[in-house]
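**Q** Provide a 3D model corresponding to the input given below.
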Amino acid sequence: MEIQATDEIHDCMIKLRVNPEKRREKVYIGCGSGFGGDRPLAALKLLQRVKELNYLVLECLAERTLADRYKVMVSGGDGYDSQISDWMHMLLPLALERGTCIITNMGAIDPLGAQEKVLEIASRLGLDVSVAVAYEVSAAHLDSGSSPGKSYTMEGGISTYLGAAPIVFCLEKCEPNVIITSRIADAALFLAPMVYELGWNWDDFNQLAQGSLAGHLLECGCQLTGGYFMHPGDKYRDMSFLQLLELSLPYAEISFDGKVCVAKAEGSGGVLNFSTCSQQLLYEIGDPGAYVTPDVVINLLDVSFLPLSSCRIFCAGARPSSEPVPDKLLQLVPKDCGWKGWGEISYGGYECVRRAKAAEFLVRSWMEEVFSGSGQHILSYIVGLDSLKATSIDGNASTCTTSEDIRLRMDGLFELKEHAVQFSREFTALYTNGPAGGGGINTGYKREIVLEKRLVNRQQVFWKTGVKWTGGYKPHDTGIDPDENPTPMFSLPTMTEVETDNSSTEILSPDIYSYPAPSGVKIPLYNVAHSRAGDKGNDINFSIIPHFPPDIERLKLVITTEWVKTVVSSLLKSSSFPDSQATNKTDKWVDENVKVEIYEVKGIQSLNVVVRNILDGGVNCSRRIDRHGKTISDLILCQQVVLPP
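**A** Predicted structure coming up:
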């Protein structure tokens with residue numbers, strides 16, 4: 001038997017909680033997934049290893065996955081993450097046994113459909129559960145008084161980044177075992193249980209800032225604990241394959257006064273240290289002095305990380321900005337951006353690069369014969385030669401003549417489907433009409449959706465919650481005493497305790513094994529700093545984090561806006577074989593449209609560099625091989641620099 005309770009509709013205006021109850025002194029929150037393709041088995045291992053977890057958050061929704069869900073939904077498929085079945089089969093039994101609430105945004109465009117799927121899985125496993133939903137509802141549906149058949153937000157799949165309030169409301173009303181949401185800001189997924197358990201209110205801005213910092217650090221999963229960090233040959237980032245294999249997903253202990261400690265499971269592999277935390281702090285951040293979330297605008301400039309052991313980091317310094325409450329919310333609007341067509345072919349041996357150049361020339365020319373002007377919509381890359389456009393600006397890049405095995409990829413974005421279809425046909429014709437020795441042709445085409453961003457007033461966005469439970473489940477039957485605090489794994493220190501405690505043999509300083517970089521000689525930036533890149537729409541940001549923190553003063557003199565523009569401009573080349581006219585056109589476009597912002601983050605003595613309009617339209621429509629631009633961090637680090645004394 002299934003019972004359902006549905007709550008009233010709310011707008012997104014900030015409404016203070018009435019006499020919020022402090023249920024715990026501390027709350028333990030784990031990250032079970034950092035993106036839609038993460039590993040359920042890793043989440044299960046975290047549950048098994050860290051028995052104190054009160055909540056497990058599965059963050060599985062990004063701009064790319066949201067656009068993909070919308071495309072599937074309009075084609076008659078599921079609007080929620082279809083992998084939710086696998087995740088719940090694996091995690092629900094142990095989560096229920098431990099009394100750990102699962103919070104996930106796998107609901108995407110259709111949280112109600114996801115709710116039904118989870119209830120179906122629970123019934124199949126013989127489990128009694130309550131499954132709540134928190135999702136945006138369309139203003140159009142409110143005006144008509146009708147209830148949508150699906151829970152997707154607005155006509156056309158429009159979706160808004162909601163804050164933590166809908167999840168807090170679910171927890172207050174029914175203390176469910178599982179909460180499924182639509183598009184809720186990543187950090188808010190983690191902030192919500194802090195607000196609920198620790199008795200915070202929406203004007204406790206200092207606590208909200210620290211809680212959102214914890215959420216931002218946790219949201220990308222193993223990227224905090226050594227995933228996407230290991231780099232052979234870099235003495236500061238090298239680790240064994242086995243150590244990388246044994247990564248632990250992160251979790252955090254947060255106290256009612258806003259103290260935060262992030263951790264990984266004892267005895268696990270990977271690494272959790274000042275460097276991994278610094279990379280994650282600046283990941284996908286614009287202005288660090290005003291990082292906007294739906295719940296609070298945060299100033300991250302003075303955040304610091306104090307290692308307590310190899311598995312624990314104390315995090316401090318996040319504070320609300322001067323205007324802590326955002327009056328608008330970010331909304332994503334699906335828009336048809338055309339049809340993509342692509343083709344790949346391999347060449348090897350003598351003069352393979354020149355043959356690839358001939359093939360590119362032919363395909364562009366054939367397309368122009370049929371559809372005049374279509375060639376300007378095509379990008380090309382030689383994989384293995386310049387597919388990442390990682391060209392050194394000092395002119396010492398290796399020559400093409402030594403290449404023995406390369407693959408030409410051409411990628412076009414067209415307004416009409418017939419152009420994309422024609423492109424794949426013309427590319428296939430290389431088998432009998434192109435240069436010698438080409439093989440392994442692969443082509444395709446598909447429709448592309450881009451999510452345009454706009455800001456909307458809070459009072460114009462609405463959300464709704466509901467809960468269903470199965471079998472013998474009774475509301476508030478959580479399996480644990482809500483007033484009982486778990487045995488803490490460690491105590492959160494004060495800043496004074498951290499600064500004066502010399503008893504630990506662990507590394508307490510990020511620069512204990514680092515030295516100033518040499519001056520006056522040309523050296524790779526790799527030897528001076530490390531970096532990670534993140535994308536937001538058509539913009540990218542990358543961090544510059546020196547191995548020896550005082551080197552930041554000299555790096556500031558080298559990493560200028562013009563230096564950055566020069567390095568990244570190669571990303572916008574339309575061909576592996578640009579002529580001087582095309583290069584001049586690209587340089588002019590860069591000067592007029594590409595904007596660079598550089599922020600100094602004093603707390604971690606690092607730089608955050610933001611580059612606007614550099615990603616060929618963003619992840620959902622880019623024709624680059626690296627659509628996210630994540631490889632740009634290594635493009636930056638491979639540059640040769642000369643540091644002043």
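**Q** mind checking how far the spatially most central residue of the chain is from residue 234?
**A** For the chain, residue 220 is the residue whose C-alpha lies nearest the centre (Cα atoms, centre = their mean; 6.1 Å). Per Cβ to Cβ, to the nearest Å, residue 220 is found 20 Å from residue 234. Quick note: C-beta positions are derived from backbone N, CA and C, even for glycine.
**Q** and what of residue 74?
**A** Per Cβ to Cβ, residue 74 is found 45 Å from residue 234.
**Q** again with residue 88
**A** To residue 234, residue 88 is 39 Å away according to Cβ to Cβ.
**Q** the stretch 451-600 of the chain: helices as residue ranges?
**A** 495-500, 552-558, 561-568, 580-593 (DSSP state H, counting those that start in this stretch).
**Q** what does the third one contact?
**A** Contacts to helix 561-568, defined as Cβ atoms under 8 Å, 6 or more residues apart in numbering, come from residues 393, 590, 594, 596-598, 609, 611, 614, 632, 635-636, 639.
**Q** grab the longest strand from the protein for me.
**A** Of all segments of type strand in the chain, defined using DSSP state E, the longest is strand 328-348.
**Q** on that earlier part again, more neighbours, residue 88 and residue 234?
**A** residue 88 (29 against 14; other Cβ atoms under 10 Å).
**Q** residue ranges with poor pLDDT in this protein?
**A** 1-7, 140-156, 386, 388-403, 471-513, 578-586 (pLDDT under 70).
**Q** tilt between the longest helix belonging to it and strand 328-348?
**A** With secondary structure taken from DSSP state H, the chain has its longest helix at helix 352-370. Using axes from the mean of the first three to the mean of the last three Cα atoms, to 10 degrees, the inter-axis angle of helix 352-370 relative to strand 328-348 is 120 degrees.
**Q** which is the next helix or strand following helix 352-370?
**A** Sequence-wise, the next helix or strand downstream of helix 352-370 (DSSP states H and E) is strand 378-383.
**Q** wait, isn't residue 465 in contact with residue 173?
**A** Yes - in this structure, residue 465 is within contact of residue 173 by Cβ atoms under 8 Å, at 7.2 Å.
**Q** need the next SSE after the helix or strand that contains residue 87, C-terminal direction.
**A** Using DSSP H and E, the element containing residue 87 is helix 84-98. With elements assigned by DSSP H and E, the helix or strand that comes after helix 84-98 is strand 101-104.
**Q** can you pull the contacts of residue 268?
**A** Listed by Cβ under 8 Å, 6+ apart, the contact partners of residue 268 are 49, 225, 246, 247, 248, 311.
**Q** burial count for the fourth one?
**A** As a burial measure, the neighbour count of residue 247 was computed by other Cβ under 10 Å and equals 27.
**Q** what does residue 436 give?
**A** Neighbour count of residue 436, defined by other Cβ under 10 Å: 11.
**Q** that one - that's part of a strand, no?
**A** No - under the criterion used here (DSSP: H, G, I helix; E, B strand; the rest coil), residue 436 is coil, not part of a strand.
**Q** same for the helix or strand encompassing residue 441, what does it pack against?
**A** Using DSSP H and E, residue 441 sits within strand 439-457. Contact partners of strand 439-457 among helices and strands, from 3 or more Cβ pairs under 8 Å, 6 or more residues apart in numbering; DSSP states H and E: helix 63-74, strand 328-348, helix 417-428.
**Q** and the contacts of the helix or strand that the last one is followed by?
**A** If I follow you right, that is helix 417-428. Once the chain leaves helix 417-428, the next helix or strand it forms, by DSSP H and E, is helix 430-433. The contact list for helix 430-433 (Cβ under 8 Å, 6+ apart) reads 345, 359, 362, 363, 438, 441.
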